[in-house]
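A.B. asks: With the input below, show me the fold.
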Amino acid sequence: MPEKPVQPLDVVLIGGGIMSATLGALIHRLEPDWSIRIYERLADVAEESSNPWNNAGTGHSALCELNYTPELPDGSVDISKAIGVNEQFQVSRQFWAHLVETGALAAPETFINPTPHISFVWGEDNVSYMRTRYEAMKDHPLFAGLEYSDDARQIRRWAPALIPGRKRSQPIAATYSPAGSDVDFGSLTRQLVDGLRRDGVQFESNHVVKNLSRRKDGTWELLVKNEVGQSRSRIAAKFVFVGAGGGALQLLQRSGIPEIRGYGGFPVSGEFLRSDDPAVVVKHAAKVYGKASVGAPPMSVPHLDTRIVDGQASLMFGPYAGFSPKFLKQGSWSDLFRSIRLHNLRPMLSVAFSNMDLVRYLVGQLLASRSRKFAALRDFMPSAQPGDWHRITAGQRVQVIKPDRERGGVLQFGTEVITSADGSIAGLLGASPGASTAVPIMLGLLERCFPDRRDHWADAIRGMVPTYGKRLSDDPALADETLTRTAATLHLHR
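C.D. replies: Numbering: from 1, shown residues only. A predicted model of the protein is given here:
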């Protein structure tokens, strides 16, 4: 029989990824006397979406991701989402810089490295779009230093591998920002959790939260299984965060909170081509994003990325989308089916019927031959040779299906924070740009779940994130000072 719960913990974090690690680090600094415990179902932290080989590690700052700057029907380019994403990333950078300055994180190069961000397109229409996008972004304080060129010689100087083997007659264009970065979220997560453990926070690996229910006193009771010893225990918590990646949906459903009603998940698997050959890697030191093909979802934007993991540079190209009913890379084949409820059946069916272009795209990806997939790499790197690359399976993404009164349901390509009315439980659903914006997402979660503590915490938060409560877009001088300061601390380019 499971043990009965004892005195409630102040905070339980479910999942050992970047979200739980970030929230734990924030809470521990704001309330050092609170008891915190982290449960992770696998043997170590950052083994799912936060693992460096399960994500592109872009450090999403909207410098190069074209899906954040859509072209409008009148031919103009909307950069509002790009501004919002960059604003969020600057909040994360400030917190990381604070942790480096205080010694809570090791040298910046152990988790973040300067890596130019480049947008690259070909074809007359795309070149026109790129020029318009550049004109819309170049004078904004968050995108200062952005450069544009449609000259192959200049583009070759920025990213040598993009040009050799390409037809001279092909119209091409690129934008270049030296302010980009590559982030190893696996290393960052491990360092954050290690710091919490040194300060007495309990971390329990190989522990699965099987169920959770609200007690009469308003606290939560969790049934936890130790996967190693097969023992079970019951623990109580005043506040629960479900940061279990794709596993968050089912745990929130089991909690019974009405706020999760109608929500569903659409799992998408992915693959990348990877090269560790020094002779290949040395030819490309940047993250280059292109445009998604017609009908493809935003998360399928093709990119050729430098990745720096444990000090070693590699290249990744992708993603190639696939389908698996698993909600986690190391999940169950029945995950999708077990997530279906009467209350989310209509939204899920509505999304299935209204996103046939996505279905066709996924089918096309599944049926694509190896040579066809490699041809997509050669669109970026014409001289690429098959023998230099091998396939890796990326992390599993679960896109949010959100209930909608008019349409039944909508497919959302982003993150969604779900909180109970009393703020005693919260969870995170969705994917990109998730990890890069973990700090502002978790600060927003704290505001929603602990409104009575907001004013009390404000000064402490500003000590970690000096621009807390402000928008850099509204103050060019503050934006310049903030970007310059954090770049210096994190050893990045301004």
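
A.B. asks: what residues are up against Val400?
C.D. replies: Listed by C-beta atoms under 8 Å, 6 or more residues apart in numbering, the contact partners of Val400 are 263, 265, 411-412, 414-416, 429-430. To be clear about C-beta, it is placed using only N, CA and C from the backbone, and glycine gets the same treatment.

A.B. asks: So what sits opposite it in the bridge?
C.D. replies: Gly265, Gln412 (DSSP bridges).

A.B. asks: Please report how far it lies from Leu411.
C.D. replies: 7 Å (C-beta to C-beta, to the nearest Å).

A.B. asks: residues of the longest helix seen in the chain that come out buried?
C.D. replies: If you go by DSSP state H, the chain has its longest helix at helix 80-101. By neighbour count with 16 or more other C-beta atoms under 10 Å, helix 80-101 contains the buried residues 82-100.

A.B. asks: Stretch 478-487 now?
C.D. replies: Residues 478-479, 482-483, 486-487 are the ones in stretch 478-487 that count as buried (16+ other C-beta under 10 Å).

A.B. asks: hmm, back to that, so can I have CSV of the contacts of Val400 showing neighbour count, distance to Phe323 and pLDDT?
C.D. replies: Shown next, in CSV, are the contacts of Val400 (neighbours: other C-beta atoms under 10 Å; distance: C-beta to C-beta, whole Å; pLDDT from 0 to 100):
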residue, neighbour count, distance to Phe323, pLDDT
Tyr263, 25, 20, 93
Gly265, 23, 13, 91
Leu411, 19, 14, 85
Gln412, 18, 18, 82
Gly414, 17, 20, 78
Thr415, 18, 21, 86
Glu416, 14, 21, 89
Leu429, 26, 19, 92
Gly430, 22, 18, 83
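
A.B. asks: Need the three-state assignment for Tyr176.
C.D. replies: Classification of Tyr176 by DSSP: H, G, I helix; E, B strand; the rest coil places it in strand.

A.B. asks: And it, what's its pLDDT?
C.D. replies: As predicted, Tyr176 sits at a pLDDT of 98.

A.B. asks: right, and it touches Glu147 too?
C.D. replies: Yes. With contacts counted by C-beta atoms under 8 Å, Tyr176 reaches Glu147, the gap being 4.6 Å.

A.B. asks: Comparing those two, which shows the higher neighbour count?
C.D. replies: When Tyr176 and Glu147 are compared for neighbours, Tyr176 comes out ahead with 24 against 14, by other C-beta atoms under 10 Å.

A.B. asks: on that earlier part again, quick check: of the contacts of Val400, which lies closest to Asn54?
C.D. replies: Proximity of the contacts of Val400 to Asn54 (C-beta to C-beta) peaks at Gly430, which lies at 15.4 Å.

A.B. asks: Contacts only, for the closest one.
C.D. replies: By C-beta under 8 Å, 6+ apart, Gly430 lies in contact with 398-400, 412-416.

A.B. asks: Repeat that for Arg190.
C.D. replies: 44-46.

A.B. asks: Report the spatially nearest residue to Ile27, omitting neighbours in sequence.
C.D. replies: Val11 (5.9 Å; C-beta to C-beta, 6 or more residues apart in numbering).

A.B. asks: strand partners of the host helix or strand of that neighbour, parallel vs antiparallel please.
C.D. replies: Under the criterion of DSSP states H and E, Val11 resides in strand 9-14. Applying DSSP bridges to the sheet, strand 9-14 is found paired with strand 36-39 (parallel), strand 232-242 (parallel).

A.B. asks: Indicate which one of the ones you listed is closest to Ile172.
C.D. replies: Ile172 lies closest to strand 232-242 among those, at 45.0 Å (C-beta to C-beta).

A.B. asks: buried residues in the closest one?
C.D. replies: Buried positions in strand 232-242, judged by neighbour count with 16+ other C-beta under 10 Å: 233-242.

A.B. asks: Report the buried residues of the strand holding Val11.
C.D. replies: Result for strand 9-14 [16+ other C-beta under 10 Å]: buried residues 9, 11-14.

A.B. asks: Could you give the number of residues near Asp357?
C.D. replies: With other C-beta under 10 Å as criterion, Asp357 counts 12.

A.B. asks: Tabulate the buried residues of stretch 478-487 in TSV, adding columns for secondary structure.
C.D. replies: Output for the buried residues of stretch 478-487, formatted as TSV (three-state DSSP):
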residue	secondary structure
Leu478	helix
Ala479	helix
Thr482	helix
Leu483	helix
Thr486	helix
Ala487	helix
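
A.B. asks: for the residues you listed, which one is nearest Val208?
C.D. replies: The closest of the buried residues of stretch 478-487, once distances to Val208 are taken by C-beta to C-beta, is Thr486, at 37.6 Å.

A.B. asks: and the gap between Ala161 and Val282?
C.D. replies: Distance, Ala161 to Val282, by C-beta to C-beta: 10 Å.

A.B. asks: Oh, that last question was meant for Asp404, not what I typed.
C.D. replies: For Asp404, the distance to Val282 equals 49 Å [C-beta to C-beta].

A.B. asks: out of those two, which sits in the busier spot?
C.D. replies: Shown here are Asp404 and Val282; by other C-beta under 10 Å, Asp404 has more neighbours (15 against 12).

A.B. asks: Where does the closest residue in space to that one that isn't next to it in sequence sit: helix, strand or coil?
C.D. replies: Distance criterion C-beta to C-beta, 6+ apart; nearest residue to Asp404, sequence neighbours excluded, is Val410 at 4.8 Å. Following three-state DSSP, we place Val410 in the strand state.

A.B. asks: isn't Val410 right up against Glu416?
C.D. replies: No. Look at Val410 against Glu416 with C-beta under 8 Å: they stay out of range, at 11.1 Å.

A.B. asks: Which residues are in contact with each of the two?
C.D. replies: Common neighbours of Val410 and Glu416, using C-beta under 8 Å, 6+ apart, are Lys402.

A.B. asks: Doesn't Tyr320 lie inside a strand?
C.D. replies: Yes. The assignment for Tyr320 (three-state DSSP) places it in a strand.

A.B. asks: For the lowest-mean-pLDDT helix or strand in the chain, C-alpha coordinates in CSV please.
C.D. replies: Scoring the helices and strands of the chain by mean pLDDT, DSSP states H and E places helix 356-367 at the bottom, with a mean of 75. What follows is helix 356-367, C-alpha atoms only, in CSV (Å, rounded to 0.1, in the frame of the first residue of the first chain):
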residue,chain,number,x,y,z
MET,A,356,-5.9,18.5,-44.4
ASP,A,357,-2.9,20.4,-45.8
LEU,A,358,-0.9,19.4,-42.7
VAL,A,359,-2.1,15.8,-43.1
ARG,A,360,-1.0,15.8,-46.7
TYR,A,361,2.4,17.3,-45.7
LEU,A,362,3.0,14.6,-43.0
VAL,A,363,2.0,11.8,-45.4
GLY,A,364,4.4,13.2,-48.0
GLN,A,365,7.2,13.4,-45.5
LEU,A,366,6.5,9.8,-44.4
LEU,A,367,6.6,8.5,-48.0
